[in-house]
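In: Compute the structure for the input listed below.
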Amino acid sequence: METQPIKVYGTSWCGDCRRAKAVFAGLQVPYRWIDIDQNPQAAAFVKQVNRSLRRVPTIIFPDGTILVEPESDTLCAKLDKFQTQRD
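Out: A predicted model of the protein is given here:
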């Protein structure tokens with residue numbers, strides 16, 4: 001059974017989003033990128049989970065946990081834990 005992908009909601013112009021994408025690439029963790037500027041439903045979802053604020057990146061893990069604008073260290077720790085659970 002294949003694990004659901006990590007979903008990363010963001011925008012192309014967001015520096016924090018580019019940083020998060022670099023963390024995923026550096027750790028070689030697959031994810032699904034969702035550009036909220038191109039997807040109104042995704043933008044509405046981000047606002048829903050962030051108390052009406054458009055905060056990106058908003059990262060949804062298969063276990064239901066959500067990270068919003070995480071620092072690189074926080075994201076790395078969560079991705080390490082996620083990779084360990086998958087193995």
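In: Going by residue numbers, what spans are helices in the chain?
Out: All helices of the chain, identified by DSSP state H, fall at 15-27, 40-49, 72-86.
In: Same list, those, but as TSV with distance to residue 64 and mean neighbour count please.
Out: In this view, the C-beta of every residue, glycine as well, is placed from N, C-alpha and C. Formatted as TSV, the helices of the chain follow (distance: least, Cβ to Cβ, whole Å; neighbours: other Cβ atoms under 10 Å):
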stretch	distance to residue 64	mean neighbour count
helix 15-27	19	15
helix 40-49	11	14
helix 72-86	12	14
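In: Of the ones you listed, which is nearest residue 65?
Out: With Cβ to Cβ, the closest approach to residue 65 among the helices of the chain belongs to helix 72-86: 7.5 Å.
In: what angle do the closest one and helix 15-27 make?
Out: Here helix 72-86 runs at an angle of 40 degrees relative to helix 15-27 (axes from the mean of the first three to the mean of the last three Cα atoms, to 10 degrees).
In: what does the helix-or-strand element of the chain with minimal mean pLDDT rub up against?
Out: Least confident helix or strand, the chain: helix 72-86 with a mean of 90, by mean pLDDT, DSSP states H and E. For helix 72-86, the surrounding residues in contact (Cβ atoms under 8 Å, 6 or more residues apart in numbering) are 3, 6, 19-20, 23-24, 27, 29, 59, 61-63, 65, 67, 70.
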